[in-house]
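S.K.: Okay, here's the prediction I keep looking at, along with the sequence it came from:
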Amino acid sequence: MLPSPSDDQIASRRHWMSVLAKSPAARLEELWRDLAEPPAYRFLRRPEIGLTMIRARAGGTGTVFNLGEMTMTRCAVETATGHVGFGHVAGRDTRHAELAALFDALLQDPARHDEISATVLAPLTREQETRREQASRKAAATRVNFFTMAREA
């Protein structure tokens with residue numbers, strides 16, 4: 001029986017899966033082509049497109065309700081070294097889900113983890129942070145501060 005992953009391992013994997021899912025598919029494809037040794041792999045679950053329910057909270061903190069459905073694509077792969085990776089991405093891009101699953105499997109491989117973290121995960125994380133900062137600056141530039149003045153009677 002495999003040991004249970006620690007909270008740190010779960011948080012790390014959650015982070016990299018999020019980064020892979022939110023990265024542009026073209027960028028993942030570019031990083032895949034740049035790999036020194038792409039692994040042999042097989043599909044456990046070929047990429048498939050489906051729907052998922054999006055849930056929200058009224059007012060951000062209130063009662064949970066079903067907002068609607070969105071398309072998503074999922075995939076599962078196993079590398080020749082036996083590491084299983086999963087990819088879940090928004091939309092209908094089957095190659096994106098496949099690449100996310102492949103990088104997930106490689107990041108779980110102790111022999112490849114540091115290499116993939118440095119050459120794939122770190123650049124993608126920086127790029128996402130840059131995009132987030134640019135969007136924040138753009139929004140801040142259009143910010144209007146409203147205030148009221150008290151009038152003396």
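M.R.: Yep, it's here. Numbers count the residues shown, from 1 in each chain.

S.K.: what residue is smack in the middle of this structure?
M.R.: The residue lying closest to the centre of the chain (C-alpha atoms, centre = their mean) is residue 18, at 2.3 Å.

S.K.: Spit out the contact partners of that one.
M.R.: Residue 18 makes no contacts at all, as judged by C-beta atoms under 8 Å, 6 or more residues apart in numbering. No exception for glycine: its C-beta is placed from N, CA and C like everyone else's.

S.K.: If we use 10 Å, what do you get?
M.R.: Going by C-beta atoms under 10 Å, 6 or more residues apart in numbering, residue 18 touches 88, 125, 128.

S.K.: Centre of the chain to the helix or strand encompassing the last one, how far?
M.R.: Right, residue 128. Counting by DSSP states H and E, the element that carries residue 128 is helix 122-141. Put simply, helix 122-141 sits 15 Å off its chain's centre (C-alpha atoms, centre = their mean, to the nearest Å).

S.K.: circling back: distance of the residue nearest to the centre of the chain from residue 33?
M.R.: Distance from residue 18 to residue 33, counting by C-beta to C-beta, to the nearest Å: 23 Å.

S.K.: Next: residue 61.
M.R.: According to C-beta to C-beta, residue 61 and residue 33 sit 44 Å apart.
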